[in-house]
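> Need a 3D model of the following:
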Amino acid sequence: MSQVAPQAIKAGLLVTTAIALLTVAVFVVGDSQNLWQRQVEYEIHFSRTNGLLVGAPVALSGVNVGSVVDIGFPPHPLARYITVQIEVGRKMMPRIRKDTVASIRTQGILGDKYIELTAGTPAAPPLDGGAVIPELDPIDYEAVLGQSGDIVANILELTASLRNVLQAIDQGEGLLGAIVRSSDQGEVTFSAIHDTVTNLAAITERVEAIITGVDRGEGLLGALVRDNDTAEGILLRLNRSAENLDRFAQRINESEGLIPRLIADRQLGDRITTNLESTTDDLADVAHKIRSGEGTLGLLVNDRRLYDETTEFVHSTRTSWTFRLYQGIRGLWPFGRPPATNRAAGRSALDDIEPPAPQARRRPPARPLTRSPRSAASITTQTQRPSQARSTAGGPQ
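Numbers count the residues shown, from 1 in each chain. Just a heads-up that it's a prediction; the model follows:
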């Protein structure tokens, strides 16, 4: 008995120690997994879970606060989401609010999935137990990898295009190639760039000077910006002008003159426009005929000789004895017109006409004209009449 008792005591101590260590380990692990705290359940709706498993940890701002207890589909078959039930320690409820967002993250080299909760803002109310936490769907890596073929093809095409551009530049093609391969072209280009930068700097300085002048109150814009009285005066005048224009428009609308009729009656406006166009065409035709030397006025304007002969004819008529006889007896005629009071006695309007001075008036030589037989005959007749007048006037004298 004395030999068995120490061995039993040692065995009992060993078992007791093992049980105590196991108990401590259970408590430690349970405390780390929040097994000894009262839990609150929440629900999250994800469109995909990307390998999330039951028992995966739930973290709040990086701190483990719960775990995933269930993953399944909703009762309704048309619902397009997956229900994830999580449990969180009750003491974490004040930190889970209505603006908290749940997302599926990856941790470790093996890519284990867990749920990350963001801490809500103090302004948002707390979220009650059993409520649905807003979610942020994870990235569908399979879809991204499925499109990787197109991405790779685009990268290859971009690389080929870039290679062609670099080859063209290396061969001296284009502006950039000329700059790289030709030193002269490069110097010219850099000189042009330098001039452009200099011009931009000069423009910037001028703009700064203008802005400085405006800020000092120089010029009209400066007066408007700095001088309130000037700005108010200009605005007052603009308001008066607008009022006057408004009154003018109102008077036009209320009146029955030509302008309202032109505005209201389109046919009248069309007729007036047509008449103006016809008158303009007629005036242009008359001016063209005068320039071309057609008619008496055209000949007088373009033919210097005819003008001189006409003037000489008038002068010879004034000095003829017939005209002087008329001047002497016109006051004696019963129905004759008395002499003008603003002229000297015995003078008439024709007395003021002087013979042309050869050097007093110079005109450019007349352009050669193509006259019709009628125009030539009229010129011959008008040329003969002054000669006859001179012969008639010169006989009695």
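
> Run the chain-centre distance for stretch 306-316.
Counting by C-alpha atoms, centre = their mean, to the nearest Å, stretch 306-316 is centred 69 Å from the centre of its parent chain.

> buried stuff in it?
Buried residues in stretch 306-316, defined by neighbour count with 16 or more other C-beta atoms under 10 Å: Leu306, Tyr307, Glu309, Thr310, Glu312, Phe313, His315, Ser316. (C-beta placed from N, C-alpha, C; glycine too.)

> what's the domain layout of the chain?
33-141, 293-394 (automatic domain parsing).

> Compare those and say which comes out lowest on pLDDT.
For the domains of the chain, the bottom mean pLDDT is recorded on domain 293-394, which sits at a mean of 57.

> which one of the buried residues of stretch 306-316 is nearest Arg80?
Tyr307 (104.7 Å; C-beta to C-beta).

> following whichever strand or helix holds the closest one, which helix or strand comes up?
Here Tyr307 sits within helix 304-318, counting by DSSP states H and E. Downstream of helix 304-318, the first helix or strand assigned by DSSP H and E is helix 321-329.

> where do the helices sit along the stretch 201-350 of the chain?
Using DSSP state H, counting those that start in this stretch, the helices assigned to the stretch 201-350 of the chain run over residues 219-226, 228-254, 258-264, 266-292, 295-302, 304-318, 321-329.

> out of the buried residues of stretch 306-316, who's nearest Gln250?
The closest of the buried residues of stretch 306-316 to Gln250 turns out to be Tyr307 (C-beta to C-beta; 56.0 Å).

> does the closest one really touch Gly298, like I thought?
No: using C-beta atoms under 8 Å, Tyr307 is not in contact with Gly298; the gap is 11.9 Å.

> where's Ala59, which helix or strand?
Using DSSP H and E, Ala59 falls in strand 57-60.

> do the same with Val84
Following DSSP H and E, one finds Val84 within strand 82-89.

> Next, the buried residues of the helix or strand that the strand holding Ala59 is followed by.
Once the chain leaves strand 57-60, the next helix or strand it forms, by DSSP H and E, is strand 63-72. For strand 63-72, a neighbour-count test (16+ other C-beta under 10 Å) marks Val65, Gly66, Ser67, Val68, Ile71 as buried.

> Mind listing residues that contact strand 63-72?
Strand 63-72 is contacted from outside by 32-34, 39, 41, 49, 52-59, 82-89, 92, 115, 117, using C-beta atoms under 8 Å, 6 or more residues apart in numbering.

> rerun at 7 Å
Outside strand 63-72, the residues that touch it by C-beta atoms under 7 Å, 6 or more residues apart in numbering are 33-34, 39, 49, 52, 54-59, 82-89, 92, 115.

> just stretch 109-119 next, same as before
So stretch 109-119 is contacted by 50-53, 56-61, 68, 86, 95-96, 100-107 (C-beta under 7 Å, 6+ apart).

> Any of these buried? List them.
Buried, going by 16+ other C-beta under 10 Å: 50, 52, 56-58, 60, 68, 86, 95-96, 100, 102-104, out of the contacts of stretch 109-119.

> And for stretch 206-224, what's in contact with it?
For stretch 206-224, the surrounding residues in contact (C-beta under 7 Å, 6+ apart) are Val225, Arg226, Asp227, Thr230, Ala231, Ile234.

> Could you list the buried residues of that stretch?
In stretch 206-224, counting by 16+ other C-beta under 10 Å, buried: Val214, Gly222, Ala223, Leu224.

> One more: stretch 177-193?
Gly177, Ala178, Ile179.

> will you turn those into TSV that also has pLDDT?
Below are those laid out as TSV (pLDDT from 0 to 100):
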residue	pLDDT
Gly177	77
Ala178	75
Ile179	75
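
> Just name the closest of those residues to Asn302, please.
Relative to Asn302, and with distances defined as C-beta to C-beta, the nearest of those is Ala178, at 63.6 Å.

> nearest residue to the closest one other than its sequence neighbours?
Gln185 (4.2 Å; C-beta to C-beta, 6 or more residues apart in numbering).

> How much space separates the one you found from Leu306?
Here Gln185 is placed at a distance of 71 Å from Leu306 (C-beta to C-beta, to the nearest Å).

> helix or strand for Ala8, which one?
helix 4-32.

> ok, then the element right after that helix?
strand 39-46.

> for that next one, which positions count as buried?
Quick answer for strand 39-46 (16+ other C-beta under 10 Å): Gln39, Val40, Tyr42, Ile44, His45, Phe46.
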